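Sequence plus predicted model, see below.
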Amino acid sequence: GAVVSQHPSWVICKSGTSVKIECRSLDFQATTMFWYRQFPKQSLMLMATSNEGSKATYEQGVEKDKFLINHASLTLSTLTVTSAHPEDSSFYICSVFSGKEKLFFGSGTQLSVL
Amino acid sequence: GQQVMQIPQYQHVQEGEDFTTYCNSSTTLSNIQWYKQRPGGHPVFLIQLVKSGEVKKQKRLTFQFGEAKKNSSLHITATQTTDVGTYFCAGPGAARQLTFGSGTQLTVLP
């Protein structure tokens, strides 16, 4: 299956700063990647679909200017949380579809905004 | 929009007991997938069911897809402490994205 690397694993930042999270598909060319957010003891909520070479598609209620997504190559998508606030603290996780429609997830990034 | 619900939300069982989680979708699904997330970890794909009424087994795990392709279940026989985690079902949306169920958190008491 696809190997997905996500970095960093955790980050602590001050309120108002921006944080970039990288998601790499190591052995699979991914034209599409998905970004999910998970609050403690809750399910995974899709934030956006990252499309290689074009604009990301955001889910309803997700601010595109706050959560910037760049998918510049077939192996890398980045999510930047701009002007982070404590309510943005969450577990962010990227995923890639394999050729058989199943998702492979990165290890996730725990973001804590002070 | 599409909604996927799971029950129960939490389940505590004694080691050796059986466990079942149920998944219901508001829409008919082309397929349903199950994932397991260990505490502090990321979701890991378990299985995909495609056919109406399909039943698949993985050792002590039995997965079933309903006849109407709107519900599914996961049954674990004789739970072990290694089964601890949250089990999610997920169904595909119109744009290939997956909608995850609310999850069932399983605790196995030794």
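Great, that's in hand. Residues are numbered from 1 along each chain as shown, chains lettered A, B, ... in the order given.

Return the residues of chain A in contact with chain B.
A:1, A:32, A:34, A:36, A:41-46, A:49, A:57, A:93, A:97, A:100-108 (Cβ under 8 Å from any Cβ of the partner chain). Heads up, the C-betas are built off the backbone N, CA and C, glycines and all.

Give the buried subset of these as a ChimeraX selection command.
Applying 16 or more other Cβ atoms under 10 Å in any protein chain shown to the residues of chain A next to chain B, the buried members can be selected in ChimeraX as follows:
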select /A:32,34,36,43,44,45,46,49,57,93,97,102,103,104,105,106,108
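
So which of the residues of chain A next to chain B belong to strands?
The members of the residues of chain A next to chain B that map onto strands under DSSP state E are A:32, A:34, A:36, A:44-46, A:49, A:57, A:93, A:97, A:103-105.

Now do the end-to-end distance for stretch A:95-104.
5 Å (Cα to Cα, to the nearest Å).

Ok, stretch B:61-77 next?
7 Å.

Check what pLDDT the spatially most central residue of chain A gets.
The residue lying closest to the centre of chain A (Cα atoms, centre = their mean) is A:W35, at 3.8 Å. Note on A:W35: pLDDT of 96.

With A:K100 instead?
67.

hmm, the helix or strand of chain B with the lowest mean pLDDT touching chain A?
In chain B, no helix or strand scores lower on mean pLDDT, DSSP states H and E than strand B:98-100, which sits at a mean of 90. Yes - legend: contact between strand B:98-100 and chain A by Cβ under 8 Å from any Cβ is shown at B:L98, B:T99, B:F100.

and that strand, what other elements does it pack with?
strand A:44-51, strand B:85-92 (3 or more Cβ pairs under 8 Å, 6 or more residues apart in numbering or on different chains; DSSP states H and E).

what's in contact with the last one?
Spelled out, that is strand B:85-92. Strand B:85-92 is touched from outside by A:43-44, A:101, A:103, B:2, B:4, B:6, B:21, B:23, B:25, B:27, B:29-39, B:41, B:43, B:46, B:72, B:74, B:98-101, B:103-106, with contacts defined as Cβ atoms under 8 Å, 6 or more residues apart in numbering or on different chains.

List the buried residues in stretch B:89-98.
Under 16+ other Cβ under 10 Å, the buried positions of stretch B:89-98 are B:C89, B:A90, B:G91, B:P92, B:Q97, B:L98.

The last one and A:S43 touch, don't they?
Going back to what we said before, that points to B:L98. No - counting by Cβ atoms under 8 Å, B:L98 stays clear of A:S43, with 11.0 Å between them.

just checking, next helix/strand downstream of the lowest-mean-pLDDT helix or strand in chain A?
Least confident helix or strand of chain A, by mean pLDDT, DSSP H and E, is strand A:103-105 with a mean of 88. Note on strand A:103-105: by DSSP states H and E, the next helix or strand toward the C-terminus is strand A:109-113.
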